[in-house]
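Student: Pasting a predicted model and its sequence here:
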Amino acid sequence: MGEPFYITTAIHYPNGRPHIGHAYEMVAADVIARFQRQAGRDVLFQTGTDEHGLKMAQAARARGLETRAFADEMSSHFSGMADRFHISYDRFIRTVDRDHYAASQAIWQAMVESGDLYLDRYEGWYSVRDEAFYDEKELTGEGDDRLSPQGTPVEWTAEETWFFRLSKYQQPLLDLYAAEPDFIRPDSRRNEVMRFVEGGLSDLSVSRTSFDWGVPVPGSPGHVMYVWVDALTNYLTGTGYPDASVSNARFWPADLHLIGKDIVRFHAVYWPAFLMSAKIPLPKSVFGHGFLLSRGEKMSKSVGNVVDPMALADAFGIDALRYFFLREVSFGQDGSYSPEAIVTRVNAELANAFGNLAQRTLSFIAKNLDGAFPDAGRRDDADAVLIEEVVVACAALKAAFGDLSLSQGIEAWMRGVYACNQYIDVQAPWSLRKTDPERMHAVLGTLVRAIRMLAIAILPVVPTGAATILDLLGADARDHAAIDDDGWYAAQVASGFRLAAPKPAFPRLELPAEVA
């Protein structure tokens, strides 16, 4: 087992069905988790649903359902989407899980023991939609038209609640950001959070008495925890907290919390403050990714541009969507998608460049060599040059993915794909079949080696199609070490392996009428 690596997505709020942003975040986290497994790390990957809070209780009431029954139904849409998109999670956590209640009450108790919780009366502005409290200075608009910084309605709330001494952690948080520049990424989010904390922190109301759908506050009848206390604690629940003797305890502190940019404050201010109070080590990094916009516009029900990710999956296939999400958008920034953009990008790169390269090379071998791997043949300098270009492209992908520069990593990988296409067009093995069969063997053998390396490198992004190509080649080893394994080809030849006639691993897309 390699060094532990713990990655989480935000746990998604299931008061509505999943949208494309949920799929995007899950896919990005999945690619990172798969990549780290290839690197030999011992990975724990957690995603799930955040099912408490007033918003869920209200949505259930509107449907005429018991809140738990509503939560069960809605959570199943998210786990179903995760499975459909080939998300290789180790745990799909739900905040209604029994061990999660235990973890939430344990961290609460630890904050009590630090003297950081006190009972008082809360009067202030609350957004049900954000499940967040806001200071007057953060609001826009006047009177009944006041809105939160996210543009959501706020209402005046007054009730007895427990407060967390967030103000006490202003300087420790600023010291953390200074000492650990990668704690919040990318830099734009880090600067935003630092400005917020430098502006002064108010103590935070962390319990509610106006509804009962949540984790009960220990020793305080009638109080349930503020949804964010319990939601954030999910990351600890997955590691067995508070039981340090369980095997998953080795995964804390988390290596990466991957979240949307709109909830960075909760993860980069409240969460480390809670953990400092509870004397629990802090996660290593919080990465706030951007939004996926529909034709450049933020998705909203009122505009009518909310797209069901399952409909996109039906229209384009999973590999195509996974590739598009990570190739099209510079990770950390906002990106835009449209059906036309998906078809254009996927056809140009995945279908025409890589898929077609593999298809024509392996079909040629299946047809003309009866599926037997080519002999060494007569080599040329161009062969070694191509292999070197592919090695460099795969190494650049690995370096970029290790730094969460996902689109740049795929761009580097494409340079290796383009080099192969240039090579096959110049070498023209179909012409060599008649004029110089020895040279043809060397060219085809070089291409098989290159295609295998490229397929292993891109496996985290397009697991089904890349695995199809590797299965055809009989390439069982698929970790990073396998990319550099130059003895693989000779071993396949010696074993007498024959490849079957291939079907396209990455078929071309058509623009479906109903999505267009």
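Tutor: Looks like it came in fine.

Student: other SSEs contacting the helix or strand harbouring Asp230?
Tutor: In this assignment (DSSP states H and E), Asp230 forms part of helix 227-237. In terms of contacts (3 or more CB pairs under 8 Å, 6 or more residues apart in numbering; DSSP states H and E), helix 227-237 is packed against strand 42-49, helix 98-113, helix 271-278. C-beta here means a position set from N, CA and C on the backbone, and glycine is covered the same way.

Student: Residue ranges in this structure under the pLDDT threshold?
Tutor: Along the chain, the parts satisfying pLDDT under 70 run over 296-306, 514-516.

Student: Next up, the contacts around the residue at minimal distance from the centre of it.
Tutor: When CA atoms, centre = their mean is applied to the chain, the residue found nearest the centroid is Ala29 (2.1 Å). By CB atoms under 8 Å, 6 or more residues apart in numbering, Ala29 lies in contact with 7-9, 45, 47, 87, 258.

Student: still on that earlier bit, could you point out the helix or strand that follows the helix holding Asp230?
Tutor: Trace forward from helix 227-237 with DSSP H and E and the next one is strand 256-260.

Student: Please name every helix or strand in contact with the next helix or strand after that following strand.
Tutor: Moving toward the C-terminus from strand 256-260, the next helix or strand (DSSP H and E) is helix 264-265. With contacts defined as 3+ CB pairs under 8 Å, 6+ apart, the packing partners of helix 264-265 are helix 187-198.

Student: Name the residues of the helix it packs on that are buried.
Tutor: By 16 or more other CB atoms under 10 Å, the buried positions in helix 187-198 come out as 189-190, 193-194, 196-197.

Student: got the contact list for that helix?
Tutor: 170, 173-174, 177, 181, 183-184, 261, 264-265, 268-269, 288, 332.

Student: Now do the helix or strand containing Trp430: everything it contacts.
Tutor: Assigned by DSSP H and E, Trp430 belongs to helix 429-435. With CB under 8 Å, 6+ apart as the contact definition, helix 429-435 has outside contacts at 364, 368, 439-440, 443-444, 447.

Student: Quick check: of those, which lies closest to Gly402?
Tutor: Set against Gly402, the nearest of the contacts of helix 429-435 by CB to CB is Leu447 (27.7 Å).

Student: ok, and for the strand or helix carrying that closest one, which residues are buried?
Tutor: Under the criterion of DSSP H and E, Leu447 resides in helix 437-458. For helix 437-458, the buried set under the neighbour-count rule, 16+ other CB under 10 Å, comprises 437, 439-458.

Student: try stretch 255-264
Tutor: 255-261, 263-264.

Student: From Ala428, how far off is the residue of the chain most remote from its centre?
Tutor: Centroid-distance maximum for the chain: Thr435 at 50.1 Å, with CA atoms, centre = their mean. For Thr435, the distance to Ala428 (CB to CB, to the nearest Å) stands at 9 Å.

Student: which residues are in contact with the helix holding Asp230?
Tutor: 8, 11, 46, 48, 50, 52-54, 93, 95, 97, 99-100, 103-104, 107-108, 131-132, 164, 206, 214-215, 241, 252, 254, 257, 266-267, 270-271, 274, 280, 283.

Student: now stretch 92-112
Tutor: 11, 46-52, 68, 71, 75, 78-79, 82, 117, 164, 215-218, 225, 229-231, 233-234, 236-238, 240-242, 274, 277-280.

Student: Give the buried subset of those residues as a ChimeraX selection command.
Tutor: Here is the ChimeraX selection string for the buried members of the contacts of stretch 92-112, based on 16+ other CB under 10 Å:
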select :11,46,47,48,49,50,51,52,71,75,78,79,82,117,164,215,216,217,225,229,230,231,233,234,236,237,238,240,241,242,274,277,278,280
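
Student: Buried ones in the helix holding Trp430, by neighbour count?
Tutor: So, applying 16+ other CB under 10 Å, buried residues of helix 429-435: 429, 432-433.

Student: Include distance to Phe354 when you put those residues into CSV, please.
Tutor: Output for the buried residues of helix 429-435, formatted as CSV (distance: CB to CB, whole Å):
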residue, distance to Phe354
Pro429, 18
Leu432, 23
Arg433, 23
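
Student: Just the closest of these to Ala494, please.
Tutor: For these, the nearest to Ala494 is Pro429 (22.6 Å; CB to CB).

Student: List the contacts of the nearest residue to Ala273 once chain neighbours are set aside.
Tutor: Of all residues not flanking Ala273 in the chain, Tyr169 sits nearest, at 4.0 Å (CB to CB, 6 or more residues apart in numbering). For Tyr169, the contacting residues are 201, 272-273, 276-277, by CB under 8 Å, 6+ apart.
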